[in-house]
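*Asks:* Generate coordinates for the sequence data below:
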Amino acid sequence: MKIVVIGGSGLIGSKVVAILGEQGHDTVAASPKSGVNTLTGAGLAEALDGADVVVDVSNSPSFADADVLEFFETSTRNLLSAEAAAGVRHHVALSIVGADRIPDSGYMRAKVAQEKLIAASAIAWSVVRATQFHEFVQGIVDSATVDDTAHLAPVLIQPIAADDVAAAVAEVAVGTPTNSVVEVGGPEQFRLDELGRATLAARHDTREVVSDPAAPYFGAVLAERSLVPADGARLADTRLEDWRARSAQVS
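*Replies:* Predicted coordinates:
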């Protein structure tokens, strides 16, 4: 089948494209780099011509609250409209576990708005919500750091490897539309503050991590289970220790 991956040159998109290509699907990596712009609609009709499935793993170039909401609403509307015109049978989008439980975050509100547009469309759909990626834990610590001290909340987190996210998205893309949310997460739970300390220790980083229940997570205060999936989620196999070992070999 023909599968168009919006955001196909990014971290997850490039992996999804590779997986689907290896399975023998006619896979198109669509992004502004390839002349496909979901904000303006440029190149969409041509990219979606003959497509059976569209996978949207695109992301906003700006994370400012107004910008990210504008991106996901405009991009999703344009994409769904082009899909309807092209006769696309399945729309798959990547979202975030806990998006509907962290309303203080502008980014999470934007992802919820995106999900609502998808669910309200006439096109069969599946939304894959993933937990935070192993690859981004360092960035979380960095964003929480002021004067060599990172303030992190002692709440649960269940990170997942980007490879496993891509595999889950690809599996959903070639399956029957669920018309629902599918949650995926890693095999292990940690406390966010403890994970931050372990991440710094693994890199021989001397910054201090302070456990702070009120510490914001990209602007939002977290509850105990804001970042972990519900019971029944699909759990990947890659443990954090194994991911670190594999990443060290690659680098």
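
*Asks:* neighbouring contacts of the one helix or strand in the chain whose mean pLDDT sits lowest?
*Replies:* Least confident element among the helices and strands of the chain, by mean pLDDT, DSSP states H and E: helix 240-250 (a mean of 86). Contacts with helix 240-250, where a contact means C-beta atoms under 8 Å, 6 or more residues apart in numbering, come from 134, 159, 161, 186, 188, 190, 202. The way it works is simple: take the backbone N, C-alpha and C, and place the C-beta from them, glycine included.

*Asks:* The stretch 151-251 of the chain: helices as residue ranges?
*Replies:* Remark: helices assigned in the stretch 151-251 of the chain by DSSP state H, counting those that start in this stretch are 162-173, 192-202, 240-250.

*Asks:* Flag every buried residue along the longest helix seen in the chain.
*Replies:* Criterion DSSP state H: the longest helix present in the chain is helix 65-86. By 16 or more other C-beta atoms under 10 Å, the buried positions in helix 65-86 come out as 68-69, 71-72, 75-76, 78-80, 82-83, 86.

*Asks:* Rebuild the helices of the stretch 151-251 of the chain as CSV, extending it with mean neighbour count.
*Replies:* Below are those laid out as CSV (neighbours: other C-beta atoms under 10 Å):
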stretch, mean neighbour count
helix 162-173, 22
helix 192-202, 19
helix 240-250, 13
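
*Asks:* Same list, those helices, but as a markdown table with distance to Ser211 please.
*Replies:* Formatted as a markdown table, these follow (distance: least, C-beta to C-beta, whole Å):
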| stretch | distance to Ser211 |
| --- | --- |
| helix 162-173 | 27 |
| helix 192-202 | 4 |
| helix 240-250 | 19 |
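
*Asks:* List the neighbouring strands of the helix or strand that the longest helix of the chain is followed by plus their orientation.
*Replies:* Past helix 65-86, further along toward the C-terminus, the next helix or strand under DSSP states H and E is strand 90-96. Using DSSP bridges, the strands paired with strand 90-96 are strand 53-56 (parallel), strand 125-130 (parallel).

*Asks:* from those, which stretch is densest packed?
*Replies:* Of all the strands paired with strand 90-96, strand 53-56 carries the top mean neighbour count, a mean of 28, counting by mean count of other C-beta atoms under 10 Å.

*Asks:* Report pLDDT for the residue lying closest to Ser126 once chain neighbours are set aside.
*Replies:* Spatially, and ignoring its direct neighbours in sequence, Ser126 is nearest to Thr178 (4.5 Å; C-beta to C-beta, 6 or more residues apart in numbering). You'll see Thr178 listed with a pLDDT of 97.

*Asks:* Which residues are in contact with Thr178?
*Replies:* For Thr178, counting by C-beta under 8 Å, 6+ apart, the contacting residues are 125-126, 172.

*Asks:* ditto for Ser75
*Replies:* Ser75 makes contact with 38-39, 56, 58 under the criterion C-beta under 8 Å, 6+ apart.

*Asks:* and if you look at Thr38?
*Replies:* 6, 44, 58, 74-76, 78-79.

*Asks:* Dump those residues to JSON lines, plus distance to Pro229 and pLDDT.
*Replies:* Shown next, in JSON lines, are the contacts of Thr38 (distance: C-beta to C-beta, whole Å; pLDDT from 0 to 100):
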{"residue": "Ile6", "distance to Pro229": "24", "pLDDT": "98"}
{"residue": "Leu44", "distance to Pro229": "32", "pLDDT": "97"}
{"residue": "Ser58", "distance to Pro229": "23", "pLDDT": "97"}
{"residue": "Thr74", "distance to Pro229": "29", "pLDDT": "98"}
{"residue": "Ser75", "distance to Pro229": "25", "pLDDT": "98"}
{"residue": "Thr76", "distance to Pro229": "23", "pLDDT": "98"}
{"residue": "Asn78", "distance to Pro229": "30", "pLDDT": "98"}
{"residue": "Leu79", "distance to Pro229": "26", "pLDDT": "98"}
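
*Asks:* Alright, that wraps it up for me.
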